[in-house]
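Student: Need a 3D model of the sequence below.
(chains A, B, C and D)
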Number of protein chains: 2
Amino acid sequence: MKKYDLASGANDEGSGRRRQILEIAAQLFAKKGYRGTSMRDIGEQAGVLGGSLYHHIKSKDALFVELHNAALDAAENSIAHAVRVQDEPWARLAAACAALLEIQLAPDSLTMPMMNDFREVPDAVREQLIARRDRFEEIFRSLVTSLPLPPHIDRSIYRNLLLSQLNSASDWYRDGRLSPSEIAAQIVAIFRRE
Amino acid sequence: MKKYDLASGANDEGSGRRRQILEIAAQLFAKKGYRGTSMRDIGEQAGVLGGSLYHHIKSKDALFVELHNAALDAAENSIAHAVRVQDEPWARLAAACAALLEIQLAPDSLTMPMMNDFREVPDAVREQLIARRDRFEEIFRSLVTSLPLPPHIDRSIYRNLLLSQLNSASDWYRDGRLSPSEIAAQIVAIFRRE
DNA sequence: CCTACCGATCGGTAGG
DNA sequence: CCTACCGATCGGTAGG
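Tutor: Numbering: from 1, shown residues only, chains lettered A, B, ... in the order given. The predicted structure is shown next:
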């Protein structure tokens, strides 16, 4: 328990510093990727040398996994809350998409690096990431199952297409034009096919 | 001219070897990413030491850019050919999607690494990649412009969604179940909204 | 294509 | 949190 609880801890002084470091790391990982971000980069942003970070974290790998899990935890909570107040299947899906996109597209958020760049990560890390992501995707499996879709639509493909849509939105999104929830509305309008 | 012509060259002996190295590099970059692939990795697959590769290529950066451009050249050619025999706007889009997916999902192809992991690449490389990709996307801009879409659909968003769909298909695609063209049909069925 | 090497950078640690 | 360092690995090169 509280394995991925970034907000609080037994020791408030140490935890504030730790959380600050996690936020910096999340931003750098999101911007430069796992391999493109060195511990010295993170230290520089935090105002310390790279080696000093190891007082707060165990390893670069563990840091990355923790951030990834925290992001998915936050997304799950936000989605569960958004879906709870909706009854109609399409409305539930729309609420989930908007909640996820809101998190994915938030700048400077702890929850940004829900990454797809599983390629550049060590094997041991990738296994953990994939296991967590698979659990996360269960939410969408269930939401898609409830949808009244024509029989010629493959729901497995449909779900994967929808998820990759939501995950890669940050690749092309530039804020100013449309808000995350407007993007979500466009996605659902397409996927709703009406 | 013939800057990205991987198939032929003035010297057939040297070119065969070079092409082999490019194919190996493409597979490794696609699997492990730019930073996750070392010149020594590529050399190992080719049966030589890393340093020996520099007889055939100028630098890792140049190699990566060349592969990326070659992939987009091949995709453009394939798409242009597939679209040419179609008249109806939706049929043209469907043909383009199928052609692109066929390339994206082909295993062990030179043309695989049409990547999204622009994050982990040096700035100078990323600029070239993005410039080439923007040119590539013009095809889809034109295809989407011709589509009879309801007015509440934003065509810019629509195009980005479609492209990110096609680009990230390789993340979740597992062959055996559906063929690339069947995936393309599913995508178009959704985006066609009918 | 290899030997032999370069300067740089990496994740991480000991000891204070 | 720093100093000082480790072994490993990186892209790349000279010279043959």
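Student: Which secondary structure state is assigned to the residue in chain A that chain B sits nearest to?
Tutor: Ranking the residues of chain A by distance to chain B (Cβ to the nearest Cβ) places A:Arg35 first, at 3.6 Å. In short, each C-beta sits where N, CA and C put it, glycine included. Secondary structure state of A:Arg35, per DSSP: H, G, I helix; E, B strand; the rest coil, is coil.
Student: nearest spatial neighbour of it, skipping sequence neighbours?
Tutor: Sequence neighbours aside, B:Arg35 is the residue nearest to A:Arg35 in space, at 3.6 Å (criterion: Cβ to Cβ, 6 or more residues apart in numbering or on different chains).
Student: ok, now which ones touch A:Ile187?
Tutor: Listed by Cβ atoms under 8 Å, 6 or more residues apart in numbering or on different chains, the contact partners of A:Ile187 are A:97, A:101, A:162, A:165-166, B:161.
Student: Recalculate using a threshold of 7 Å.
Tutor: Residues touching A:Ile187, when contacts are defined by Cβ atoms under 7 Å, 6 or more residues apart in numbering or on different chains, comprise A:97, A:165, B:161.
Student: Lowest-scoring secondary structure element of chain A by mean pLDDT?
Tutor: Of all regular secondary-structure elements in chain A, judged by mean pLDDT, DSSP states H and E, the least confident is helix A:12-32 with a mean of 84.
Student: hmm, whichever helix or strand comes after it touching DNA strand C?
Tutor: Later in the chain than helix A:12-32, the nearest helix or strand by DSSP states H and E is helix A:39-46. Yes. Helix A:39-46 comes into contact with DNA strand C (Cβ under 7 Å from any atom of the strand), by way of A:39-41.
Student: Just the buried residues of those residues.
Tutor: By the neighbour-count criterion of 16 or more other Cβ atoms under 10 Å in any protein chain shown, the residues of helix A:39-46 next to DNA strand C include these buried positions: A:39, A:41.
Student: Where is pLDDT lowest across the contacts of A:Ile187?
Tutor: When the contacts of A:Ile187 are compared by pLDDT, A:Gln165 scores lowest at 90.
Student: does DNA strand C sit close to the longest helix along chain A?
Tutor: Secondary structure of chain A per DSSP state H: the longest helix is helix A:60-84. Yes. For helix A:60-84 and DNA strand C, the contact criterion (Cβ under 7 Å from any atom of the strand) is met by A:60-61.
Student: Torsion angles phi and psi at A:Pro122?
Tutor: Main-chain torsions, A:Pro122, degrees, to the nearest 10: phi -60, psi 150.
Student: so it makes contact with A:Lys60?
Tutor: No. Taking Cβ atoms under 7 Å as the definition, A:Pro122 is not a contact partner of A:Lys60, at 9.4 Å.
Student: neighbour count winner among these two?
Tutor: A count of neighbours by other Cβ atoms under 10 Å in any protein chain shown puts A:Lys60 above the other of A:Pro122 and A:Lys60, at 20 against 13.
Student: what's the nearest residue to the more buried one if we skip its chain neighbours?
Tutor: Among residues not flanking A:Lys60 along the chain, A:Met39 sits closest, at 5.8 Å (Cβ to Cβ, 6+ apart).
Student: what's near enough to touch the one you found?
Tutor: Taking Cβ under 7 Å, 6+ apart, we find A:Met39 in contact with A:50, A:53, A:60.
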